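[1] 3D model of this:
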Amino acid sequence: MKIEEIIKKLESLKNPDNIAGMARFRIVTKKAFGISAPVLKDFAKEIKKQTEERHSLVLELWQTEIHEARIIAYLIDDPKQVTESQMDSWVKDFDNWAICDGTCGHLFCRTDFAYKKVFEWSECEEEFIKRAGIVLIAWLTVHDKKADDEKIAQFLPILENKANDDRNFIKKAVNWSLRQIGKRNLNLNKLAVESAEKIKAQNTKSARWIAADALRELKNEKTLERITRKSEPNQKVVLY
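    Numbering: from 1, shown residues only. Coordinates of the predicted model:
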């Protein structure tokens with residue numbers, strides 16, 4: 001399928017009411033058609049079936065700057081074909097949390113450069129680049145089943161260090177990633193709780209919120225029971 005056909009199809013699916021709804025959820029971007037996620041996913045599957053060589057098409061779609069075209073781009077791209085320069089270029093284009101989280105969760109976290117970008121991007125001051133580095137932690141924790149505890153635990157100092165950033169999209173990313181680490185298994189739960197306590201001790205507005213919300217979930221008995229059920233049989237619940 002050619003890019004002209006895709007854009008024409010997206011235009012035919014335009015829904016102005018949904019664009020207003022996106023704004024209410026703080027998804028603000030220059031170009032958008034207001035197409036719902038289920039419709040976009042179905043269209044992306046259709047494109048995949050009809051297009052053998054997708055990577056060059058993906059790069060064209062991203063360059064249109066159309067929100068929905070970029071969603072299709074990250075849904076159909078092959079992580080093995082994604083280059084580091086592509087990631088560094090795309091991350092600079094992130095202008096809302098939805099495109100940031102979607103690209104990181106569906107595509108970037110599955111590339112060979114994901115761990116490297118956590119450390120690089122989380123040090124940036126630009127809001128959505130920094131968020132990308134931090135949300136990659138959450139996605140890697142969920143998707144990289146082969147990673148050992150040490151590999152995931154290396155992210156905790158990053159979260160502790162970024163907890164004093166009071167920007168909404170940063171503190172929520174820190175909180176999300178901290179909770180995901182703490183829900184992976186009992187050992188990481190203990191380490192995440194320790195990190196949350198360190199964050200709490202920073203005593204800034206953002207740190208207090210991050211820690212309180214994370215500790216509420218990570219020390220909850222039902223959370224611990226769920227973790228125990230998927231953990232090794234010889235591990236026991238640690239009640240705080």
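[2] Isn't residue 29 up against residue 97?
    No. With contact defined as Cβ atoms under 8 Å, residue 29 does not count as touching residue 97 (10.7 Å). (C-beta placed from N, C-alpha, C; glycine too.)
[3] The residue nearest in space to the middle of the chain sits in which helix or strand?
    Nearest residue to the geometric centre of the chain (Cα atoms, centre = their mean): residue 101, 3.6 Å. Assignment of secondary structure by DSSP states H and E places residue 101 within helix 97-106.
[4] helices or strands up against that helix?
    helix 67-76, helix 127-143 (3 or more Cβ pairs under 8 Å, 6 or more residues apart in numbering; DSSP states H and E).
[5] Would you enumerate the residues in contact with the residue nearest to residue 110 when sequence neighbours are not counted?
    Leaving aside its sequence neighbours, residue 110 sits nearest to residue 79 (Cβ to Cβ, 6 or more residues apart in numbering; 3.9 Å). When contacts are counted by Cβ atoms under 8 Å, 6 or more residues apart in numbering, residue 79 touches 107, 110-111.
[6] Residue 55 - how many residues pack around it?
    The local packing of residue 55 (other Cβ atoms under 10 Å) involves 17 other residues.
[7] Residue 84 contacts residue 113, doesn't it?
    Yes. Judged on Cβ under 8 Å, residue 84 makes contact with residue 113 at a distance of 4.9 Å.
[8] Between those two, point out the one with more neighbours.
    residue 113 (18 against 13).
[9] so what's the backbone phi/psi at the more buried one?
    Main-chain torsions, residue 113, degrees, to the nearest 10: phi -110, psi 0.
[10] need the contact list for it.
    By Cβ under 8 Å, 6+ apart, the contact list for residue 113 reads 82, 84, 87.
[11] right, and the helix or strand after the helix or strand bottoming out on mean pLDDT in the chain?
    Using mean pLDDT, DSSP states H and E, helix 16-24 stands out as the lowest-scoring helix or strand of the chain, at a mean of 84. Per DSSP H and E, helix 16-24 leads on to helix 37-50 as the next helix or strand towards the C-terminus.
[12] so what does the following helix or strand past that following helix touch, helix or strand wise?
    Sequence order places helix 55-63 as the next helix or strand after helix 37-50, per DSSP H and E. When contacts are defined as 3+ Cβ pairs under 8 Å, 6+ apart, helix 55-63 packs onto helix 3-12, helix 67-76.
[13] Now find how far off-centre the helix or strand hosting residue 170 is within its chain.
    Per DSSP H and E, residue 170 falls inside helix 168-182. With Cα atoms, centre = their mean, to the nearest Å as the basis, helix 168-182 stands 10 Å off its chain's centre.
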